[in-house]
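Predicted coordinates and the sequence they were generated for:
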Amino acid sequence: MLLEGIETLLVLAQEGTMSKAGSRLYLSQSAVSKRIAKLEKRIGKKLIEPDGRRIKLTADALQLITAVEPGFKALKGQIFDQLDVDDHTLIHIACSETLVAGYLAPFMGKYIQQDPYLVISTHHTPVIVEKVQSGDAAVGFCAGHLPPQHGLAVTHLFDEPFSVVSHQPLEQQPNQLLVNDLKNPANANQVSTLQKAGIAPLMEMDSYTAAAQLALGGVAAALVPISIVKTLKIAPHHCHHFPFLDELTRPAQLCYRQTSFQSTRIRRLIETIAGSVQLAI
């Protein structure tokens with residue numbers, strides 16, 4: 001019960017509301033509230049306070065999270081390492097949305113007919129890494145740079161290029177672009193490349209699809225990975241290449257706990273994704 005309460009508090013700290021935390025944990029809002037109440041009673045401290053539609057963590061909650069979060073994630077990962085992955089065990093794959101659309105979706109339909117006990121979810125790369133570290137996902141399919149000292153096994157698949165997508169013809173390199181969230185550590189390398197090229201971020205999206213659609217709608221040119229160009233079937237006359245793009249790629253890679261590769265099912269999944277992606281690029 002104590003571990004359930006700690007897990008709920010950690011998810012609540014990330015999501016900010018009882019309902020979102022419940023969605024992550026597959027619990028009702030009232031069940032999330034009861035877990036937090038039991039944790040508060042167990043440790044004798046108030047952990048959350050209402051803050052409009054969201055919740056606010058107390059100083060005691062922040063102190064508790066700082067103390068237990070690293071160890072809790074490590075413990076979950078160690079428990080995952082001990083699990084026996086049989087033919088009916090659910091295998092969770094945490095993926096970048098763009099990589100799912102551009103590279104995973106085309107072959108996953110056939111694969112899941114052979115192994116129906118797979119669950120795919122989409123996240124940004126930092127969250128994918130956290131899920132694999134904690135054992136909440138067996139395999140991560142990441143776009144962009146991984147955080148340092150992540151402690152995971154990594155299979156580098158390829159470096160994905162970008163294109164500048166624009167509704168209007170571009171005779172020269174634009175000085176502003178729609179970009180994806182540059183505060184995301186996975187995209188950090190884009191900042192220096194854009195600065196070096198004299199390009200300023202005009203707007204920061206949370207989705208490359210949104211950036212591409214805005215560009216095609218005539219808002220402004222957008223920096224878009226090739227996977228989105230392929231998925232949206234963006235016509236070549238809307239795609240432009242400029243010299244700065246030669247230095248701007250993002251690694252596509254699989255990450256997993258080293259012990260996971262000992263499972264025949266997980267190893268087959270990793271090798272199938274790697275092989276199918278190589279054929280697709």
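Okay, I see it.

how long is stretch 52-64 from one end to the other?
End-to-end distance of stretch 52-64: 23 Å, with CA to CA, to the nearest Å as the criterion.

Show me what the mean pLDDT comes to for that stretch.
Throughout stretch 52-64, pLDDT has a mean value of 86.

do stretch 200-213 as well
95.

Next SSE downstream of the helix or strand bottoming out on mean pLDDT in the chain?
Of all helical and strand segments in the chain, the minimum by mean pLDDT, DSSP states H and E falls on helix 59-82, at a mean of 76. Next in sequence after helix 59-82, counting helices and strands by DSSP states H and E, comes strand 91-95.

Adjacent strands (with direction) for that next one?
Strands that pair with strand 91-95, judged by DSSP bridges, come out as strand 118-122 (parallel), strand 139-143 (parallel).

C-terminal to that strand, which secondary structure element comes first?
Next along the chain after strand 91-95, taking DSSP H and E as the criterion, comes helix 97-99.

Check the offset of that next one from the chain's centre.
Here helix 97-99 is found 9 Å from its chain centre; the criterion is CA atoms, centre = their mean, to the nearest Å.

The helix or strand following it versus strand 118-122: what angle between them?
With elements assigned by DSSP H and E, the helix or strand that comes after helix 97-99 is helix 105-114. With axes from the mean of the first three to the mean of the last three CA atoms, to 10 degrees applied, the angle from helix 105-114 to strand 118-122 works out at 150 degrees.

can you pull the buried residues of helix 105-114?
For helix 105-114, the neighbour count (16 or more other CB atoms under 10 Å) marks F107, M108, Y111 as buried. The C-beta positions use only the backbone N, C-alpha and C, and glycine is treated the same way.

Return the member of these nearest to Q258.
Y111 (23.1 Å; CB to CB).

where's the closest one relative to T231, distance?
19 Å (CB to CB, to the nearest Å).

do P225 as well
Between P225 and T231 the distance is 10 Å, computed by CB to CB.

List the contacts of the closest residue to T122 other than its chain neighbours.
In space, and not counting its chain neighbours, T122 is closest to E97: 4.2 Å by CB to CB, 6 or more residues apart in numbering. Contacts here follow CB atoms under 8 Å, 6 or more residues apart in numbering; on that basis E97 touches T122, S207, T209.

and those residues as CSV, adding distance to C239 and neighbour count?
Converted to CSV, the contacts of E97 look like this (distance: CB to CB, whole Å; neighbours: other CB atoms under 10 Å):
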residue, distance to C239, neighbour count
T122, 24, 17
S207, 18, 13
T209, 15, 17
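
Make JSON lines from those residues and add distance to K46 to it.
Output for the contacts of E97, formatted as JSON lines (distance: CB to CB, whole Å):
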{"residue": "T122", "distance to K46": "35"}
{"residue": "S207", "distance to K46": "37"}
{"residue": "T209", "distance to K46": "42"}
